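[1] any chance you could fold what I've pasted below:
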Amino acid sequence: MNPKLIFTLLMSAPAWLASCFNANKVAMTPHPSNTPADTTVNEQFYQLPAVTIDGETMTMEAYRGKKIIILNVASKCGYTPQYADWQAFYDSHKDDAVVLGFPCNQFMFQEPGNAAEIESFCQKNYGVTFPMFEKVDVKGSDACPVYKWLTDPKQNGWNSEVPSWNFSKYLVNEKGQLIAYFAPNIKPGSPEFQAAWNKK
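    Numbers count the residues shown, from 1 in each chain. From the prediction side, this is the model:
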């Protein structure tokens, strides 16, 4: 192995390990008032652009009127089997909800594949049919527009929590308002998620 690569890996290992151990530290961060104070539609959210895994540019407008669960996903992570959990959830809630998967390689390089490889992996191993998007950054200066909005309180109104690891989750309600952030270990059946999901 390239000595420079070994050195880079060793130097960044503490940060990786810290992120890994802290991945589940905050199981859920709800909206401060538990429900958004503003009952108007957040038009800014629906204008956010994204590129599908097939290369089509679109906006969140396509999901107006539905609850939206946004995940940063990876193919080589201990949480990868959650694809099956969220696919089952999507199958059961297609009329009123959608799950959006954003592949990301920022956490210990656990999503190395290209778009075709990621799409094939998801469909072959977990039967994923919920919308998938191109591989993006979900934190830092190069974060894609959707994640910049999700993690910037000036844009979403309250939240600054960035994904702590692969399969972190954000819940957006039917009016384009961010409701909660969930740590990677939270699944559809987790009490924290169910409480936020069923909140009126």
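
[2] tell me if I'm right that Lys135 and Asn105 touch.
    Yes: contact criterion C-beta atoms under 8 Å: Lys135 and Asn105 qualify, at 6.2 Å. The C-beta positions use only the backbone N, C-alpha and C, and glycine is treated the same way.

[3] correct me, but Asp96 touches Lys66?
    Yes: contact criterion C-beta under 8 Å: Asp96 and Lys66 qualify, at 5.9 Å.

[4] neighbour-wise, which of the two wins?
    Neighbours per residue, other C-beta atoms under 10 Å: of Asp96 and Lys66, the larger number sits with Lys66, 16 against 9.

[5] show me what contacts the more buried one?
    Neighbouring residues of Lys66 by C-beta atoms under 8 Å, 6 or more residues apart in numbering: 96-98, 174.

[6] relative to Lys175, how far out is it?
    11 Å (C-beta to C-beta, to the nearest Å).

[7] check which helix or strand covers the residue nearest to the spatial centre of the chain.
    The residue lying closest to the centre of the chain (C-alpha atoms, centre = their mean) is Leu71, at 2.2 Å. Leu71 belongs to strand 67-73 when elements are defined using DSSP states H and E.

[8] quick check: buried residues in stretch 176-190?
    Buried residues in stretch 176-190, counted by 16 or more other C-beta atoms under 10 Å: 176-188, 190.
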